[in-house]
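Undergrad: Below are the sequence and a predicted model for it; my questions follow.
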Amino acid sequence: MNKAERAAIVFKILEKNYPKTPVPLRHTNNYTLLIAVLLSAQCTDERVNQITPKLFTLADNPKDMSKQTPETIYEIIKPCGLGPQKSKAIIELSCMLQNLYDGKVPKDIKALEKLPGVGHKTASVVISQGFGQPAFPVDTHIHRLAQRWGLTKGKNVKETEEDLKKLFPEESWNKLHLQIIFWGREFCPARQCYGLECEICKATYPKRSRPFSHKKP
Ligand code: SF4
């Protein structure tokens, strides 16, 4: 079986299991989505969703957020981890949005990547889920699954993203990104899974008998 055939199997199984892909992070606009994605670094979406109602009641736009002190924000967001860095980034990026983009989130991945605390993955999520433009955010979880499913030999998330973009049609990227995350959460929570257990691995590698170890990102 070649890579394209495995991709077709993965696509079919994910479509069957997750026909709908609601955005997991609570938000009311692209700015609150950007902040929620920033907060989700090294934190669960569930925990982010617990704290953002309070944060967004305080400020749900760059202008109001830029008037807050890092201490006020830190007190609210500290359950998400990396509180000092994240609160500083939230204030700084809100000031930048206010000064450079008239308080709006730019619909441009390169511009987003220049904001404090915003890397390529965060920017891709906002482009995809906020603006509905094609993007394929790849984190370490998707990187790991794509290797187990034989869709990439990428040594890092960047190479895996390039491979996935070549394998799947552009119009499916946004949905697939979420579908893979949902599958990972439901079936592949443990790093220790060696690709022998469930439907996708059995279908993509019916003859796999030895534990598969993924490359570290
Ligand atoms: S066998 Fe393991 S790696 Fe493969 S899909 Fe199932 S849980 Fe994920």
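TA: That came through fine.
Undergrad: Give the rounded mean pLDDT of stretch 133-151.
TA: Model confidence over stretch 133-151, given as mean pLDDT, is 92.
Undergrad: begin at 573 from here
TA: Sure, I'll start numbering at 573, so the last one becomes stretch 705-723.
Undergrad: then that stretch to CSV, C-alphas only?
TA: What follows is stretch 705-723, C-alpha atoms only, in CSV (Å, rounded to 0.1, in the frame of the first residue of the first chain):
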residue,chain,number,x,y,z
GLN,A,705,-8.7,29.9,4.9
PRO,A,706,-6.8,26.6,4.2
ALA,A,707,-4.1,25.8,6.7
PHE,A,708,-2.9,22.6,8.2
PRO,A,709,-1.7,23.3,11.8
VAL,A,710,0.5,20.4,12.9
ASP,A,711,1.4,19.9,16.5
THR,A,712,3.4,17.1,18.1
HIS,A,713,0.3,14.9,18.4
ILE,A,714,-0.6,15.2,14.7
HIS,A,715,3.1,14.7,13.9
ARG,A,716,3.1,11.4,15.9
LEU,A,717,-0.1,10.1,14.4
ALA,A,718,0.9,10.9,10.8
GLN,A,719,4.0,8.9,11.3
ARG,A,720,2.1,5.9,12.8
TRP,A,721,-0.2,6.0,9.9
GLY,A,722,2.6,6.1,7.4
LEU,A,723,1.7,9.5,5.9
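Undergrad: all strands for the chain, in order.
TA: Using DSSP state E, the chain contains no strands.
Undergrad: Let me see the domain layout of it.
TA: 575-593+708-776, 602-702 (automatic domain parsing).
Undergrad: what about Asn589, distance to Phe759?
TA: Counting by Cβ to Cβ, to the nearest Å, the gap from Asn589 to Phe759 is 9 Å. To be clear about C-beta, it is placed using only N, CA and C from the backbone, and glycine gets the same treatment.
Undergrad: again, but for Asn633
TA: Asn633 is 38 Å from Phe759, by Cβ to Cβ.
Undergrad: how about the domains of the chain, which one is nearest the ligand?
TA: domain 575-593+708-776 (3.2 Å; Cβ to the nearest ligand atom).
Undergrad: Need the distance between the two termini of the closest one.
TA: With Cα to Cα, to the nearest Å applied, domain 575-593+708-776 spans 9 Å between its terminal residues.
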